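# I'd like to go over a predicted model; first the sequence, then the structure.
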Amino acid sequence: MTSTTSGSETSLRSLRDRPFELLKELEKRSRAVTAGTVAQASVGPEWVGVAFRMGGETFLVAREETREVMGYPAAVTRIPGAKNWVKGLANVRGQLMPMLDLRQFLGSGATAAGRNTRVVVVNHREIPAGLMVDEVLGFRRFAEAEFDAEAPPTVIRCDSYLAGAFRRGGEVWPVLSLKSLVESQSFLQAAS
């Protein structure tokens, strides 16, 4: 005696006294959900980026422009003669890496190092850089159809480094181009 819900699907309640059959039914449902998720993901190309907060605003950077995200190092050695947005050098797994305050570079105040402060390491072959941000929110996935080439206005003055935005519902996620940022003349001139 098997009760059904919505046609041929077996009710889990009816299987509570038969654990092996209950597990089989759970596996069957799990596979169906997974297959639906895979089919849904393959509907179209998607864009993946790292979301972060800087000065009360949220931004995205392309996953391929990001090497890693790490906590702010405990020891950062100041560099004499460097601009104030250059926090110093840190030893990251035996490699020296410049630590830079992204918000301060953009002229929107300094980032206070705290528990949530993170460093977004730029994936650039010639320019190593660790960019200090207020908080990293994790990966965000968008359908390419959600992209808008027109970047929205931001409070933080970074318009020249924006490469459009993703829009979903009422949310707008500006995309910061790390490549154009680190290759800009103002970024490369870090000496005072």
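Okay, I see it. As the structure is a computational prediction, the values presented were derived from the model and not from experiment. Numbering: from 1, shown residues only.

# And the helices in this structure?
For the chain, applying DSSP state H gives helices covering 19-41, 102-105, 178-182, 185-188.

# CA atoms of the second one as CSV?
Taking C-alpha atoms only, helix 102-105 is exported to CSV below (Å, rounded to 0.1, in the frame of the first residue of the first chain):
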residue,chain,number,x,y,z
LEU,A,102,42.0,50.4,-3.0
ARG,A,103,39.6,52.9,-1.6
GLN,A,104,42.4,55.3,-0.7
PHE,A,105,43.9,54.9,-4.2
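
# tell me what that helix is packed against?
strand 130-133 (3 or more C-beta pairs under 8 Å, 6 or more residues apart in numbering; DSSP states H and E). Using the backbone N, CA and C atoms, a C-beta is placed for each residue, glycine as well.

# What's opposite the residue nearest to the spatial centre of the chain in the beta bridge?
Closest residue to the average C-alpha location of the chain: residue 50 at 1.2 Å, with C-alpha atoms, centre = their mean. When assigned by DSSP bridges, residue 50 has beta-bridge partners residue 61, residue 139.

# Distance check, it against residue 93.
Residue 50 is 20 Å from residue 93, where distance means C-beta to C-beta, to the nearest Å.

# Same question for residue 72.
Remark: distance between residue 72 and residue 93 (C-beta to C-beta) = 15 Å.

# how about the helices of the chain in CSV, adding distance to residue 141 and mean neighbour count?
Below are those laid out as CSV (distance: least, C-beta to C-beta, whole Å; neighbours: other C-beta atoms under 10 Å):
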stretch, distance to residue 141, mean neighbour count
helix 19-41, 9, 11
helix 102-105, 23, 22
helix 178-182, 19, 20
helix 185-188, 28, 11
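
# could I get those helices as CSV with distance to residue 77 and mean pLDDT?
Shown next, in CSV, are the helices of the chain (distance: least, C-beta to C-beta, whole Å; pLDDT from 0 to 100):
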stretch, distance to residue 77, mean pLDDT
helix 19-41, 45, 71
helix 102-105, 18, 94
helix 178-182, 21, 94
helix 185-188, 20, 93
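
# May I see the ones you listed arranged in TSV, with distance to residue 61 as well?
Putting the helices of the chain into TSV (distance: least, C-beta to C-beta, whole Å) gives the following:
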stretch	distance to residue 61
helix 19-41	22
helix 102-105	10
helix 178-182	5
helix 185-188	15
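
# Tell me which of these lies nearest to residue 143.
Distance to residue 143, taken as C-beta to C-beta, is lowest for helix 19-41 among the helices of the chain, at 10.1 Å.

# Could you chop the protein up by domain?
15-43, 46-188 (automatic domain parsing).

# between those, which gets the lowest average pLDDT?
Ranked by mean pLDDT, the domains of the chain bottom out at domain 15-43, which scores a mean of 71.
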